[in-house]
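Undergrad: Build me a model from this:
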Amino acid sequence: MKNLYKPFLILSLVLVYLVIFAGAVVRMTGSGMGCPDWPKCFGYLIPPKERAELDWKPNHQYKDGQVIIVEESLRVATDDFKSKTVYIESNWESYNKHDYAIFNPVHTWIEFINRLLGALAGLATLFLLISSLSKIKSDTVATVSSFLVVLGMGFQGWLGKTVVDSNLLPYKISIHMAMALLIVLFLVYLLSREQKSRQELTYAKQFRGLALVAILLSLIQIGMGTQVRQFVDEQMHSFNLIQASEWLAKAPIIFYVHRSFSILILLIHIYWGYLYFKNNYIPPVFRIILAVIGLEIVTGIWMYYFDFPFSSQPIHLILAALLFGAQSFLLFVIKRKS
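TA: Reported below is the predicted structural model:
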């Protein structure tokens, strides 16, 4: 299992990023309540494809926990039973977590895929932990960190449940996102420990300081982005997407701060690159960081001037998460020149 540690580590990181992207798609499409219960979806392990599957049926075998929609509200089977020729209320109980009872097959399957990716990411981190046990004596930190990642994934699953139960309260969505970034941080730290050789840097102290500042600015930028996203969500409930150019003119100040903040982040990284140049070494990861920042700015312009095209927001978010991960990786591998 020792030889499988790094592959499981990389797989875990890739899947966590896919979950972040899928979560952004869920929010962009308004699919957060596509599965109104948790961990199942309308009481099914594999969700229904048609509204008719959620209608009450006579002489039908129902299982405990199965969900139907009656008079625009969710009903949950209290036990395994076969229905009679008429609907009997005592066989069912109202779903009391929230009053959302709309079935949209597209939303349902988008949310289901998001959950499925989350489950796969959880399994990958579990296998990561198991594979790390083979080197617990030589690298205890790796095993302990892998265990914390598994705990984080479990906590993230519980957070997902609370988000659904709350009918998508914005602050809970933000906490959900912050937890995903924390898991990325731990996985990137573990990946940096697998780096066999580290470039020695004359300006190691300045590099660490710049890396920390860059990471902090990126987190602030992501935080402001969640507020902008909330504003967009609220506007989308009031206007048609075709009118986006009208409501963007009335955006709050944080929208413009968020838009301009990228310039500060770019300048910090230009100076960071200058220090690398003075060391006669520019690591490939830093080149990727510059490319990601450029793409992040381009997608921001794309959203603003083209009225939030489909897929632009998930791409914008995943780029921000990739930037955070790459910055963290460089921070962890910095070594002072002797």
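Undergrad: List the buried residues of stretch 96-113.
TA: Across stretch 96-113, burial judged by 16 or more other Cβ atoms under 10 Å covers A101, F103, H107, T108, W109, I110, E111, F112, I113. In short, each C-beta sits where N, CA and C put it, glycine included.
Undergrad: any chance of those residues in JSON lines, plus secondary structure, distance to G209 and pLDDT?
TA: Below are those laid out as JSON lines (DSSP: H, G, I helix; E, B strand; the rest coil; distance: Cβ to Cβ, whole Å; pLDDT from 0 to 100):
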{"residue": "A101", "secondary structure": "coil", "distance to G209": "53", "pLDDT": "82"}
{"residue": "F103", "secondary structure": "coil", "distance to G209": "53", "pLDDT": "90"}
{"residue": "H107", "secondary structure": "helix", "distance to G209": "45", "pLDDT": "92"}
{"residue": "T108", "secondary structure": "helix", "distance to G209": "48", "pLDDT": "93"}
{"residue": "W109", "secondary structure": "helix", "distance to G209": "46", "pLDDT": "95"}
{"residue": "I110", "secondary structure": "helix", "distance to G209": "42", "pLDDT": "94"}
{"residue": "E111", "secondary structure": "helix", "distance to G209": "42", "pLDDT": "93"}
{"residue": "F112", "secondary structure": "helix", "distance to G209": "44", "pLDDT": "94"}
{"residue": "I113", "secondary structure": "helix", "distance to G209": "41", "pLDDT": "95"}
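Undergrad: What ranges does the stretch 101-250 of the chain have for its strands?
TA: Taking DSSP state E, counting those that start in this stretch to define them, one finds strands in the stretch 101-250 of the chain at 200-201.
Undergrad: May I have stretch 253-269 exported as PDB, CA atoms only?
TA: Coordinates of each C-alpha in stretch 253-269 appear next as PDB, following Å, rounded to 0.1, in the frame of the first residue of the first chain:
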ATOM      1  CA  ILE A 253     -19.600  48.500  -3.800                       C
ATOM      2  CA  ILE A 254     -18.100  45.100  -3.000                       C
ATOM      3  CA  PHE A 255     -18.700  44.100  -6.600                       C
ATOM      4  CA  TYR A 256     -16.300  46.800  -7.800                       C
ATOM      5  CA  VAL A 257     -13.800  46.100  -5.000                       C
ATOM      6  CA  HIS A 258     -13.800  42.400  -5.900                       C
ATOM      7  CA  ARG A 259     -13.300  43.300  -9.600                       C
ATOM      8  CA  SER A 260     -10.400  45.700  -8.900                       C
ATOM      9  CA  PHE A 261      -8.700  43.500  -6.200                       C
ATOM     10  CA  SER A 262      -7.300  41.300  -8.900                       C
ATOM     11  CA  ILE A 263      -4.900  44.100  -9.900                       C
ATOM     12  CA  LEU A 264      -3.400  44.000  -6.400                       C
ATOM     13  CA  ILE A 265      -3.100  40.200  -6.500                       C
ATOM     14  CA  LEU A 266      -1.400  40.500 -10.000                       C
ATOM     15  CA  LEU A 267       1.100  43.100  -8.700                       C
ATOM     16  CA  ILE A 268       2.000  41.000  -5.700                       C
ATOM     17  CA  HIS A 269       2.800  38.100  -8.000                       C
END
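Undergrad: change the start of the numbering to 43 and stick with it
TA: OK, 43 is where the count begins now, so the last one is stretch 295-311.
Undergrad: what mean pLDDT does that stretch have?
TA: Per-residue pLDDT over stretch 295-311 has a mean of 90.
Undergrad: residues making contact with that stretch?
TA: Outside of stretch 295-311, the residues within contact range by Cβ atoms under 8 Å, 6 or more residues apart in numbering are 252, 255-256, 259-260, 262-263, 266-267, 269-270, 273, 290, 331-332, 335, 338-339, 342, 346.
Undergrad: again with stretch 47-60
TA: With contacts defined as Cβ under 8 Å, 6+ apart, stretch 47-60 is touched by 159, 162-163, 166-167, 169-170, 173-174, 176-177, 184, 191, 222, 225-226, 229-230, 232-233, 236, 360, 363-364, 367.
Undergrad: Output that stretch as PDB, nothing but the C-alphas.
TA: This file holds the C-alpha atoms of stretch 47-60, laid out as PDB (Å, rounded to 0.1, in the frame of the first residue of the first chain):
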ATOM      1  CA  TYR A  47       0.100   6.600  -1.100                       C
ATOM      2  CA  LYS A  48       1.000   9.200  -3.700                       C
ATOM      3  CA  PRO A  49      -1.500   8.100  -6.400                       C
ATOM      4  CA  PHE A  50      -4.300   8.200  -3.800                       C
ATOM      5  CA  LEU A  51      -3.000  11.600  -2.700                       C
ATOM      6  CA  ILE A  52      -3.200  13.000  -6.200                       C
ATOM      7  CA  LEU A  53      -6.500  11.300  -6.800                       C
ATOM      8  CA  SER A  54      -8.000  12.800  -3.600                       C
ATOM      9  CA  LEU A  55      -6.800  16.300  -4.600                       C
ATOM     10  CA  VAL A  56      -8.200  16.000  -8.200                       C
ATOM     11  CA  LEU A  57     -11.600  14.700  -6.900                       C
ATOM     12  CA  VAL A  58     -11.900  17.500  -4.300                       C
ATOM     13  CA  TYR A  59     -11.300  20.000  -7.000                       C
ATOM     14  CA  LEU A  60     -14.000  18.300  -9.100                       C
END
